[in-house]
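>>> starting from these lines, generate the structure:
(one chain, ligands or ions: 2)
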Amino acid sequence: MTVSPASPQETAAGRDLCRATAIRRISARIIEAPTTRQHKLSNTSVRHQGYIFVTVELENGVTGFGEGSTLGGPRWAEESVEAMKANIDAYLAPALIGHPACLAEAASLQMERAAKRNYTAKSAIDMALLDATGKTLEVPAHVLLGGAVRTSFEAVWALASGDAAQEVEEALEMIRRGWFRRFKIKLGFADPQTDLARLAALQAALPAGTPLVADVNQAWSEAECIRHLPALRDLGVSLIEQPIAAGQTAASARIAARSEVPVMMDESVSTLAEAARESAAATGSVLSLKLCKHGSAHTLKRVAGIAAAQGVQLYGGCLLESSIGAAGHLQAFATLPRLEWGTEQFGPKILVEDLVTEGLRYADFQVHLPQGPGLGITPNPEVIDKYARKE
Ligand SMILES: O=C(O)C[C@H]1C=CC(=O)O1
Ligand SMILES: [Mn+2]
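Ligands and ions are numbered 1, 2, ... in the order given. Next up is the predicted model:
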C-alpha cells in the first residue's frame, strides 16, 4: 500500500487507527426492492429499485455499509447491479484488502488503479469505508468530510407515473404529510405536447407558486428545446434538468443562454473534467450532484467546488436510494458551503419497505441529517435478505 508522507501512520494514534481500520473483507449483494408505483423516465421505467449493497469488515470488528443505485439496469448510466457485483468481487474488493478504511483518498486511488470509471460501484465502497471509519471513531461520517454546515435540507419529490390525476393526488398527499412541497416532474417519455398537457394539469391543481423542476433526461433535441422551453417557463417551471443528450456541449450552451428558466446539468457531469468543461461552457447554471456519478464523497465535493467556482449553483441529486444511500448523500451534502437548491433524497419514501431499521426523518418539508456514528443508519438484515437476489 502507498501512503503519503503526511499519513496518520506518523503518529502512534494514526498507526493504531490504520491498523484497527485495515479492511479484512468486502462483499456485495444485489438488492431488488419494490417501489410503491411505476417510476417512468425518458429512457427507462421501473417497478423496483436495483441496488448494490456493500459490506466492509475491518480488523477491529467494525462493519460499514454502503449502497449504489441504478435505474432499470444500465439505462440511466452504464452500470448495472450485475456489472457492479462482478467488478467489486473481481477487482475493487481485492485491491482494498489490508488497506486502512480511514485513508479514503488513498482507497479511491487504489480503486482507480484497479478499474476505470465504475463510479457507482466505487461510491458504494467509499460510503461503506466512511461508515466503518465513522463508527470506529464514534463520529458521524460528515466529520470525516469537513463537518456539517447544515442538518436539514428542503426536499424534492419526483412525480413520474405519467398519469396527471395520480400525480396530483400524490403531490397533495406529500404536502398534507409535511414531507415535500417542491416537486420534480419527469418528461420525455411521451411526446412534448402530451408532456406539456400533463404539466399544465399539475400546475393547475397544485398550490400557486409550487416550485417545479422538469427533468427531460436527455430526451429532447435542440430544436425541441427551442420550441418548448418557453411553454415550460409559462407553466411556472423553475428549473429545467438535462433537456438534451450529455456531451452535446455547444447545443447545451445555446439552450442555456436562450432559456429564461435556469438549466440544470445532470447526466452531462460525472468527472472533474466534465465539471470543468460544462461549467466553463455554461451548459447550465445549476448542477445536480450524485455519489453514483462522481465515485466518492470527496470527489463529489471537488466536483461541487469546480462548479461553484464558476458560479454554478448546486442541487443535491439522487437515484432513488434507500435510507442507506440517501444517508450517504446527506452526510456529504451537509458539508457543502452552499447547496442552493436543497436535495431530492426521496428514495426512502418510494420504496414499499425501506432497507434500514429506522428510516430518514422527513418533517416540515425537510429531510433531516441522521444522527449517530458513521452514516447514522442501521441496515435491517431481514429486509436486506428478503430483497437480496438469490445467487
Ligand atoms: O435525476 C435523474 O435523472 C434520476 C432520478 C432522480 C430522480 C428521479 O426521478 O430520477
Ligand atoms: Mn436527472
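>>> tell me the buried residues in stretch 368-378?
Neighbour-count burial for stretch 368-378, counted by 16 or more other CB atoms under 10 Å, picks out 368-370, 372-378. (Each C-beta comes from the backbone N, C-alpha and C, glycine too.)
>>> same question for stretch 57-76.
Buried positions in stretch 57-76, judged by neighbour count with 16+ other CB under 10 Å: 57-60, 62-72, 74-76.
>>> quick revisit: so which of the buried residues of stretch 368-378 sit within strands?
Judged by DSSP state E, the buried residues of stretch 368-378 include H368 as members of strands.
>>> L287 belongs to a strand, doesn't it?
Yes. Assessed with DSSP: H, G, I helix; E, B strand; the rest coil, L287 lies in a strand.
>>> which secondary structure element contains the nearest residue to it once chain neighbours are set aside?
Computed as CB to CB, 6 or more residues apart in numbering, the closest residue to L287 that is not its neighbour in sequence is A307, at 4.5 Å. For A307, the element it lies in under DSSP states H and E is helix 297-309.
>>> in terms of secondary structure, what does that helix contact?
helix 104-114, helix 119-137, helix 272-280, strand 286-289, helix 291-294, strand 313-316, helix 323-333 (3 or more CB pairs under 8 Å, 6 or more residues apart in numbering; DSSP states H and E).
>>> generate CSV for these, with distance to A214, mean pLDDT and mean neighbour count as supplementary columns.
CSV is the format used below for the helices and strands packed on helix 297-309 (distance: least, CB to CB, whole Å; pLDDT from 0 to 100; neighbours: other CB atoms under 10 Å):
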stretch, distance to A214, mean pLDDT, mean neighbour count
helix 104-114, 34, 98, 17
helix 119-137, 25, 99, 28
helix 272-280, 19, 98, 18
strand 286-289, 13, 99, 24
helix 291-294, 20, 98, 28
strand 313-316, 13, 99, 23
helix 323-333, 22, 99, 30
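>>> okay if I get these as TSV plus distance to P94?
Listed next are the helices and strands packed on helix 297-309 as TSV, based on distance: least, CB to CB, whole Å:
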stretch	distance to P94
helix 104-114	8
helix 119-137	12
helix 272-280	26
strand 286-289	29
helix 291-294	22
strand 313-316	33
helix 323-333	23
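>>> just tell me which of the ones you listed ends up closest to ligand 2.
Proximity to ligand 2 (CB to the ion) singles out strand 286-289 among those, at 5.9 Å.
>>> that closest one pairs with which strands, and in what direction?
strand 263-265 (parallel), strand 313-316 (parallel) (DSSP bridges).
>>> in a markdown table, list the ones you listed along with distance to ligand 1.
Converted to a markdown table, those look like this (distance: least, CB to the nearest ligand atom, whole Å):
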| stretch | distance to ligand 1 |
| --- | --- |
| strand 263-265 | 9 |
| strand 313-316 | 10 |
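>>> got JSON lines for those strands, with distance to ligand 2 too?
Listed next are the strands paired with strand 286-289 as JSON lines, based on distance: least, CB to the ion, whole Å:
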{"stretch": "strand 263-265", "distance to ligand 2": "8"}
{"stretch": "strand 313-316", "distance to ligand 2": "10"}
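>>> for P207, which of the ones you listed is the nearest?
P207 sits nearest to strand 313-316 of all the strands paired with strand 286-289, at 21.8 Å, using CB to CB.
>>> low-confidence bits of the chain, can you list those?
Scanning the chain for pLDDT under 70 picks out 1-7.
>>> coming back round to it: list the buried residues in the helix holding A307.
Neighbour-count burial for helix 297-309 [16+ other CB under 10 Å]: 297-301, 303-304, 306-308.
>>> which other helices and strands does the helix or strand hosting L196 contact?
For L196, the host element (DSSP H and E) is helix 192-205. The contact analysis (3+ CB pairs under 8 Å, 6+ apart) places helix 192-205 against helix 164-177, strand 182-186, strand 212-215, helix 222-234.
>>> at 7 Å instead, please
helix 164-177, helix 222-234 (3 or more CB pairs under 7 Å, 6 or more residues apart in numbering; DSSP states H and E).
>>> any chance of CSV for these, columns distance to ligand 2 and mean neighbour count?
Converted to CSV, the helices and strands packed on helix 192-205 look like this (distance: least, CB to the ion, whole Å; neighbours: other CB atoms under 10 Å):
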stretch, distance to ligand 2, mean neighbour count
helix 164-177, 17, 16
helix 222-234, 15, 17
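>>> circling back: which stretch among the strands paired with strand 286-289 comes nearest T151?
Of all these, strand 313-316 sits nearest to T151, with 13.6 Å by CB to CB.
>>> quick one on the thing from earlier: select, out of the strands paired with strand 286-289, the one closest to P34.
Closest approach to P34 among the strands paired with strand 286-289 (CB to CB): strand 313-316, 24.9 Å.
>>> and the residue of the stretch 201-350 of the chain at minimum distance from ligand 2, what does it touch?
Scanning the stretch 201-350 of the chain for the residue nearest ligand 2 gives D266, at 3.7 Å (criterion: CB to the ion). Neighbouring residues of D266 by CB atoms under 7 Å, 6 or more residues apart in numbering: 241-242, 288, 317.
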